[in-house]
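Participant: What follows is a predicted structure for the sequence shown.
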Amino acid sequence: MVDQELLSLLICPNCRGEVEYREEQQVVACTGKCRYVYPVVKGIPHMLVAEATKS
């Protein structure tokens, strides 16, 4: 689980769009232009474009 306060501060590092946490998939997903999906490992979002995948 990702802390809600932390989620409110995060933006997509690629397009600066808003992100949402998808608990079932354990990812943070961009809802902006690029639609990148970032992995969450042990409750910590890895917000690196190099680790992202396209949704």
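Facilitator: The structure has been received and is ready for your questions. Note that this is a predicted model, so its numbers are computed, not measured. Numbers count the residues shown, from 1 in each chain.
Participant: rest of the way, CA atoms for contacts and neighbours
Facilitator: Will do.
Participant: Other residues contacting stretch 11-21?
Facilitator: Residues outside stretch 11-21 that contact it (C-alpha atoms under 8 Å, 6 or more residues apart in numbering) are 2, 7, 10, 27-34, 36, 47-49.
Participant: List the ones among those that fall in strands.
Facilitator: If you go by DSSP state E, the contacts of stretch 11-21 have 27-30, 36 in strands.
Participant: hey, which helix or strand in the protein has the poorest pLDDT?
Facilitator: One helix or strand of the chain scores below all others by mean pLDDT, DSSP states H and E: helix 4-9, with a mean of 91.
Participant: Spatially, what comes nearest to the most centrally placed residue in the chain if we skip its sequence neighbours?
Facilitator: Note on the chain: the residue nearest the mean C-alpha position is Val28, at 2.6 Å, using C-alpha atoms, centre = their mean. Leaving aside its chain neighbours, Val28 sits nearest to Tyr21 (4.5 Å; criterion: C-alpha to C-alpha, 6 or more residues apart in numbering).
Participant: coming back round to it: show the buried residues in the contacts of stretch 11-21.
Facilitator: 2, 10, 27-31, 36, 47 (16 or more other C-alpha atoms under 10 Å).
Participant: What lies in contact with the least confident helix or strand of the chain?
Facilitator: By C-alpha under 8 Å, 6+ apart, the residues outside helix 4-9 that reach it are 19-21.
Participant: what ranges of this protein fall below the confidence cut-off?
Facilitator: Under the criterion pLDDT under 70, no range of the chain is flagged.
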